[in-house]
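*Asks:* turn this into a structure:
(chains A and B, ligands or ions: 1)
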Amino acid sequence: MTTLQRKEVNPIAHLTPEDIEQIGRELDAIRDEVLAVRGEKDAKYIRRMITIQRRVELGSRALLLFSLFPPAWILGTAGLSISKILENMEIGHNILHGQYDFMRDPKIHSTTWEWDSASPAEQWKHSHNELHHKYTNVVGRDNDLGYGIMRVDEQQKWVPAHLGQPLYNFINACFFEYGIAAYDLELGRNLKTKKRRSNPAFRANLRAVGRKIRRQVLKDYVVHPALAIPVGFLMGNPLGAFLGTFAANAVASLVRNLWSHSVIMCGHFPKGVETFERTSITGETRGEWYLRQMLGSANISGSKLMHVMTGNLSHQIEHHLFPDLPASRYAEIAPKVRALFEKYELNYVSGPLVVQVASAWAKVFRLALPNRKPAKAIDHSIPPRHPAEQPAAV
Amino acid sequence: MTSPARTRRLGHVAVTRTLRDGAWRVVELITTPVVPADYLDVIAPLRNPTVLRARIEAVRRETANAVTLELRPGRNWQPHQPGQYVRLGVDVDGVRLWRAYSVSSAAGRKDGRFTVTVNAVKDGVVSGYLLKHARRGMIVTLDLPAGDFVLPASPPPKALFVTAGSGITPVMGMLRSTLPSLQDVIVVHSARTPSDVVFGAELRSLAEAGRIRLIERHTGADGRLKPDELASLVPDLFERETWACGPGEMLDDLTSHWTDAGAADRLHVERFRPTVLVAGDGGTVTFERTGTTAEATGGTTILDAGEAAGQLMPSGCRMGICYKCVLPMREGIVRDVRDGTITTATEVDGDKVLIQTCISAAAGPCRFDA
Ligand code: FES
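*Replies:* Take a look at the predicted model:
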């Protein structure tokens, strides 16, 4: 049974088990409606996105050959930032979720896609699709909550090291893609003992990340800057051209990292989002799983452009309910999902980006300090590593 | 021993190769994490060396039910032999579906193009789509020509072609390619009515010019052709090297007729295998590489059924969200246990239909490449 972390007011106290199963059926019906129309429109959409992203990238990279010209630098850097954001979010994240596997196009498929991120697709799919999406917001199971470096819930034990968490979070935001790679590797945990360090599976993953990072670093900070050198020669400043393009790539990566970190923080951190007890998902039914996704996610409201630039993760609630439906469909079904929340008197957490980011950061700051009043009967035991529970019923 | 000159030359080759490889590696770095060709797709989809594609250059209607597509293949295409077929991957409503079509044009065209002739089959998703929507400029995915329904290197002195319906397509490819070197050719072709004869005008004019002897059979009026009738139409039946293509029943009849006469080796048949997959409830699931089989009910997932039978199955979330459990299905039919969606795979799909085993149950016999 889905149990919330002990809270003073239980937002699902008014729901009977029948209600919860009924919610599940109604969500299944929404899913079926999308499946019935999924097809050419979605295929066209993702192909168009890929084409746009590649054009923007090629165009920006071409501009950055002239990085000595300030206008070319500014436009090129802006374009490259946009292209990197599109590539990671609307394209990479969604394809790796299998949202476009239905097309049977081996080029646009979760089994073959690789993205511009330090984390190799294979490893990310494991920690994100398999662990995070299954154990959403279960404290101790879902490592996305705080990425294993932060205190994210009043009921977690406070230690003085948590004082630094606003700083860790900021650093993590700047180097987000490396943070994700380290997180997918469970670096902290795996480096702890010699035995874990020498585990062949861990070492293989580590090598894969190393290869990926090496290629990316070479690309962004050596090869592309070097391509600008000939133009630099013509203008009498080859080193300036190299450094200009180098800086442009660094800025674009930083922008992408800060942006995706912000968007992702808005997904499960803002005020009003619930967390669940580790033991609560044993024998969870489909309806209960759906309910946990509903209560454990938060949306960002905004324009269509905003949704595209967040890879539709602004529709985090809809995404968590239906992670494998094409993301561009979330906006269509959001009103129906919202109506369901209202019908069952549940809290549909949503707000503009600035508000949600602020709310998430406020939580990071608040939990850096010990709780003002002691939480009731907190279970401080360290959770077991591997799921001992029964798989959730399909 | 290698002469010094040769060593130097070899060294030279090695250096250029190393340089070229090195340069290519830099190009690959420029485009990492995708391959350079993926950027090429944005401007020139036919140039991509990693995916074979073709552009439809012309669409010609043959009959009310058949259409000929003229295709310009992309890079890495290999020319076909007359009689062979190609697999086309066509995106129907956003989903890539593969079908095999015989090449109907002559081999060795200067412009490198070839044609396939698509006959709409009843309830045929792809043929129906092509008949309605094929347009100049459309891109389809393509596989290299295959099939051993071909003429031998030295043409036989007397040839007979027995075809029905769309079975004429590969034969037309053969006739167009090799008619000049064939002496004595008889074509026996069955279609429902005279206007249903694909390539009717061309066949009749070949007959008028005396290049072939054409025997048309209109099954709508005269019924199906029996081997006995064939024997009376073509008295020297077994002296001829024969190629037959058409519906399974006709080919079965012909095969037993030729076998009875002890002439089986002179008959070459091409079967279009229309795999009819009807959704039922449960079925035998076979994992081909390990040879494991499992009897699965319509209520058990392939993942559970496989594991119960001792097959090592990849899995992750076990609830349809992580895609870690996908396996290629060679042939079969499955039902999504969540929403009832039916997915089928036929031989012509190759091993390309990936099935999420944790949310799919057998809806008939299924064979997995695992
Ligand atoms: S095991 Fe996760 S989708 Fe099948």
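*Asks:* and residue 41, what element?
*Replies:* This is for chain A. Element membership for A:Lys41, per DSSP states H and E: helix A:40-64.
*Asks:* ah, I was thinking of chain B
*Replies:* Following DSSP H and E, the helix or strand that holds B:Asp41 is helix B:36-43.
*Asks:* what's the answer for B:Lys132, then?
*Replies:* When secondary structure is defined using DSSP H and E, the element that contains B:Lys132 is helix B:125-133.
*Asks:* show me which residues of chain B sit near the ligand.
*Replies:* Proximity of chain B to the ligand, by C-beta under 6 Å from any ligand atom, involves residues B:Ser315, B:Gly316, B:Cys317, B:Arg318, B:Gly320, B:Ile321, B:Cys322, B:Tyr323, B:Lys324, B:Cys325, B:Gln356, B:Cys358. All C-beta spots, glycine's among them, are computed from the backbone N, C-alpha and C.
*Asks:* quick one: which of these sit in strands?
*Replies:* Secondary structure assignment by DSSP state E places B:Gln356 of the residues of chain B next to the ligand in strands.
*Asks:* what would the residues of chain B next to the ligand look like in TSV with distance to chain A?
*Replies:* What follows is the residues of chain B next to the ligand, written out as TSV (distance: C-beta to the nearest C-beta, whole Å):
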residue	distance to chain A
B:Ser315	9
B:Gly316	4
B:Cys317	5
B:Arg318	4
B:Gly320	7
B:Ile321	5
B:Cys322	4
B:Tyr323	4
B:Lys324	6
B:Cys325	10
B:Gln356	8
B:Cys358	7
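*Asks:* how about CSV for the residues of chain B next to the ligand, with pLDDT and neighbour count added?
*Replies:* Formatted as CSV, the entries for the residues of chain B next to the ligand read as follows, by pLDDT from 0 to 100; neighbours: other C-beta atoms under 10 Å in any protein chain shown:
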residue, pLDDT, neighbour count
B:Ser315, 94, 18
B:Gly316, 93, 18
B:Cys317, 92, 22
B:Arg318, 93, 22
B:Gly320, 94, 20
B:Ile321, 93, 22
B:Cys322, 93, 27
B:Tyr323, 93, 24
B:Lys324, 93, 21
B:Cys325, 95, 23
B:Gln356, 96, 23
B:Cys358, 97, 26
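*Asks:* buried stuff in stretch B:118-127?
*Replies:* Across stretch B:118-127, burial judged by 16 or more other C-beta atoms under 10 Å in any protein chain shown covers B:Val118, B:Asn119, B:Ala120, B:Val121, B:Val126, B:Ser127.
*Asks:* outside of the helix or strand that the first one is a member of, which residues touch it?
*Replies:* If I follow you right, that is B:Val118. In this structure, B:Val118 sits in strand B:114-119 according to DSSP H and E. Contact with strand B:114-119 is made by B:62, B:65-71, B:73, B:79-80, B:86, B:88, B:101-105, B:127, B:130-131, B:134, B:165-166, B:169, B:172, B:198-199, as judged by C-beta atoms under 8 Å, 6 or more residues apart in numbering or on different chains.
*Asks:* and chain B, which of its residues are near chain A?
*Replies:* Taking C-beta under 8 Å from any C-beta of the partner chain as the contact definition, chain B meets chain A at B:26, B:29-30, B:32-34, B:38-39, B:41-42, B:51, B:91, B:93-97, B:301, B:316-324, B:326, B:337-339, B:341, B:352-354, B:358-359.
*Asks:* let's see 7 Å
*Replies:* Contact residues of chain B with respect to chain A, defined by C-beta under 7 Å from any C-beta of the partner chain, are listed as B:26, B:29-30, B:32-34, B:39, B:42, B:51, B:91, B:93-96, B:316-324, B:326, B:337-339, B:341, B:352-354, B:359.
*Asks:* shaky segments in the stretch 101-250 of chain B?
*Replies:* Per-residue confidence of the stretch 101-250 of chain B (counting by pLDDT under 70) places no residue in a weak region.
*Asks:* where exactly do the strands run in it?
*Replies:* With DSSP state E, counting those that start in this stretch as the definition, the stretch 101-250 of chain B shows strands at residue ranges B:114-119, B:139-142, B:158-164, B:184-191, B:213-218, B:241-246.
*Asks:* redo these as JSON lines? Include distance to B:Leu225.
*Replies:* Putting those into JSON lines (distance: least, C-beta to C-beta, whole Å) gives the following:
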{"stretch": "strand B:114-119", "distance to B:Leu225": "19"}
{"stretch": "strand B:139-142", "distance to B:Leu225": "34"}
{"stretch": "strand B:158-164", "distance to B:Leu225": "8"}
{"stretch": "strand B:184-191", "distance to B:Leu225": "5"}
{"stretch": "strand B:213-218", "distance to B:Leu225": "5"}
{"stretch": "strand B:241-246", "distance to B:Leu225": "10"}
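*Asks:* for those strands, which one sits closest to A:Leu65?
*Replies:* Using C-beta to C-beta as the criterion, the shortest distance between A:Leu65 and those is 31.1 Å, found for strand B:139-142.
*Asks:* tell me which parts of chain A are close to chain B?
*Replies:* Near chain B, the residues belonging to chain A are A:31-32, A:35, A:39-40, A:42-43, A:51, A:54-55, A:58, A:98, A:101-105, A:107, A:110-111, A:114-116, A:125, A:129-130, A:133-134, A:215-216, A:218-219, A:223-224, A:323-324, A:391-392, A:394 when assessed by C-beta under 7 Å from any C-beta.
*Asks:* list the residues that contact the closest residue to the ligand within chain A.
*Replies:* Residue of chain A nearest the ligand, by C-beta to the nearest ligand atom: A:Glu130 (6.4 Å). Under the criterion of C-beta atoms under 7 Å, 6 or more residues apart in numbering or on different chains, the neighbours of A:Glu130 are B:Gly316, B:Cys317, B:Cys322, B:Lys324.
*Asks:* what do you get if the cut-off is 10 Å, keeping everything else the same?
*Replies:* Under the criterion of C-beta atoms under 10 Å, 6 or more residues apart in numbering or on different chains, the contact partners of A:Glu130 comprise B:Ser315, B:Gly316, B:Cys317, B:Arg318, B:Ile321, B:Cys322, B:Tyr323, B:Lys324.
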